[in-house]
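Engineer: Sequence first, predicted coordinates after that:
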Amino acid sequence: MLPLQRYSRTVDNSPYERVLPGKTAPVFPYTMAEIGLENYSHFVLTPFANTMLTDFAKEALVGEALGKDENTDVLCLSYSTPDIAGHEFGPYSLELEDIYLRLDKELELLFSTLDKEVGKKNYLVFLTADHAVVPVPQQLVDARLPGGYLDVDSLTEVANTLLVKKYGEKLIRKEKNLNLYFNRDKIKSLGLDLPAIQDEVAEWFRTNPMVQTAVSAHVMDAGITLNTWGEMIANGYTKERSGDVIMILKPGLISRSEDSKDAHQGTTHGSAFNYDTHVPLLWYGNRLKPASVVRPICITDISATLVHFMELQRPASMTGTPIEELLRK
Ligand SMILES: [Zn+2]
């Protein structure tokens, strides 16, 4: 969007970025003709996907007559391109910087449409992210910072081999997003104690120097108080869908086979660490008291704050705390 010297990133062709189909290097300019229109799945990692979403939002404001009567309307938008492109290029890429500069223009357009359609004094906006991201782990490795890759699939196979030796059967069915799902039918048919097997496997993973912690599902079901990292796992735990053992890798590590294609390019998110959990939270609107807040705020505090602004009753199981700094005295 801008001349190269106006960006804070100076390197375009970085070894840590994935090369998109149709390209020979991860460099500007990117054109849809080059990326290939037959491959629409790549449209979502271009800034034009954000433009399309802004267009939808503008249509929704007008078509649904949002904010036109005495009832509160809620419009939720998810600009997902920073996430999708972030996986491909990493947070320190020129591509991501360009995407955010262009997203800023989209937001400008969105706010001016809100001013026009709803009125400057009639809306409240909050802007945040569901997660951030770890720098490309290979970039961390090369900078001698903590980080790297751990092939959790292979590690799970080793754990299964040990379980076969001891119990005669593979007891871990699948590893997905650092959740280990057990073959519970098999455990039952062998007359084994599920919580005991969970603890045994969790303990084995905890002894790995690349694993921060691993927690058994039965421990979380019982509501036992955990350490900081165990608590982070428990926050994302649900009995119906989570694994029998859930782990967190050490900071800077992602689960990936070193031999996979693009193994040392691109990155991902999903850890409990600051690089993943520390996200911006911006509020904008007529009823706000200007404030800059540096203390930790949880994502659950957003709905608690909205409930306060809308003068509603708190829903039964709401756990957040209103952000007091925003509330007019
Ligand atoms: Zn993602």
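Structural biologist: Sure thing, it's come through.
Engineer: contacting residues for Thr72?
Structural biologist: Going by CB atoms under 8 Å, 6 or more residues apart in numbering, Thr72 touches Met310. Glycine gets a C-beta too; all of them are placed from N, C-alpha and C.
Engineer: What segments of the stretch 51-200 of the chain are strands?
Structural biologist: Secondary structure of the stretch 51-200 of the chain by DSSP state E, counting those that start in this stretch: the strands cover 124-128, 148-150, 172-176, 179-182.
Engineer: Kindly reformat those as CSV and extend each row with mean pLDDT.
Structural biologist: Below are those laid out as CSV (pLDDT from 0 to 100):
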stretch, mean pLDDT
strand 124-128, 96
strand 148-150, 95
strand 172-176, 97
strand 179-182, 98
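Engineer: Low-confidence stretches in the protein?
Structural biologist: In the predicted model of the chain, residues 37, 39, 261, 328-329 satisfy pLDDT under 70.
Engineer: Could you chop it up by domain?
Structural biologist: Domains of the chain are assigned by automatic domain parsing as 4-136+271-288, 148-250.
Engineer: Span of the shortest one from start to end?
Structural biologist: With CA to CA, to the nearest Å as the measure, the first residue of domain 148-250 is 9 Å from its last.
Engineer: for the longest one, same thing?
Structural biologist: Start and end residues of domain 4-136+271-288 are separated by 37 Å (CA to CA).
Engineer: just stretch 13-21 next, same as before
Structural biologist: With CA to CA as the measure, the first residue of stretch 13-21 is 15 Å from its last.
Engineer: So that it lines up with my notes, have the first residue be 54 from now on.
Structural biologist: Got it, the first residue is 54 from now on, which makes the last one we talked about stretch 66-74.
Engineer: For Leu365, find the nearest of the strands of the stretch 104-253 of the chain.
Structural biologist: Across the strands of the stretch 104-253 of the chain, Leu365 has its closest neighbour in strand 177-181 (13.6 Å, CB to CB).
Engineer: how about the CA coordinates for that closest one, as CSV?
Structural biologist: Listed in CSV are the C-alpha atoms of strand 177-181, where the atom choice follows Å, rounded to 0.1, in the frame of the first residue of the first chain:
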residue,chain,number,x,y,z
LEU,A,177,-20.4,1.7,21.0
VAL,A,178,-17.6,-0.3,19.5
PHE,A,179,-15.1,-2.7,21.0
LEU,A,180,-12.3,-4.2,19.0
THR,A,181,-10.2,-7.1,20.2
